[in-house]
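Asker: Next come a sequence and a model predicted from it.
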Amino acid sequence: LLTHGTSDPAMPANGGCVANVGGNCNRGKVISQTATISYWLQRNGLQNVTPTISTFDLNTSDAGNVEKRIYNGTNPLVYYILNNAGHQAPSKTVFSNSSPAQGVQNRDIEFAEEVWNFFKGLQ
């Protein structure tokens, strides 16, 4: 299970310094979102699987929509792309204020429920 906000200031979509407060890259670097998903698809033997894609945009006042990609197989992977969203967990009920360090929260899905649905299915 992976999720990424495409405008996450703490974990930059294209890779780079993690939460680069002060400009010193003192928290290390992260690989890009594309490299991350590619790694896990290969590791799970899903690199040739075409995902089932769903799009959610229930709250049009937030930053953007959610794209859910489901890669089915022996080791399934679900990937949520939070378009124009920041670092906060997406939620329809628990709201976080936007900030330069966190970005804008997506409010189209209840991520706690999505996480539970994924992991309970792996029993």
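Answerer: Received it, and whenever you're ready, just let me know what you need.

Asker: Can you report how many residues lie near residue 72?
Answerer: 13 (other CB atoms under 10 Å). Where C-beta positions appear, they are placed from N, C-alpha and C, glycine not excepted.

Asker: quick one, what contacts it?
Answerer: Residue 72 is in contact with 49, 52, counting by CB atoms under 8 Å, 6 or more residues apart in numbering.

Asker: And it, what's its pLDDT?
Answerer: In this prediction, residue 72 carries a pLDDT score of 95.

Asker: what's the answer for residue 117, then?
Answerer: 92.

Asker: ditto for residue 55
Answerer: Note on residue 55: pLDDT of 96.

Asker: element containing it, please.
Answerer: strand 52-56 (DSSP states H and E).

Asker: Strand partners (parallel or antiparallel) of that strand?
Answerer: strand 66-71 (antiparallel) (DSSP bridges).

Asker: Now do the buried residues in the strand it pairs with.
Answerer: 66-69, 71 (16 or more other CB atoms under 10 Å).

Asker: roughly how far is the strand holding residue 55 from the heart of the chain?
Answerer: How far strand 52-56 lies from its chain's middle: 14 Å, per CA atoms, centre = their mean, to the nearest Å.

Asker: So what touches it?
Answerer: 65-70, 72, 108-109.

Asker: Could you do stretch 29-43 as well?
Answerer: 2, 4, 6, 11-18, 47, 49, 71, 75, 77, 79, 81.
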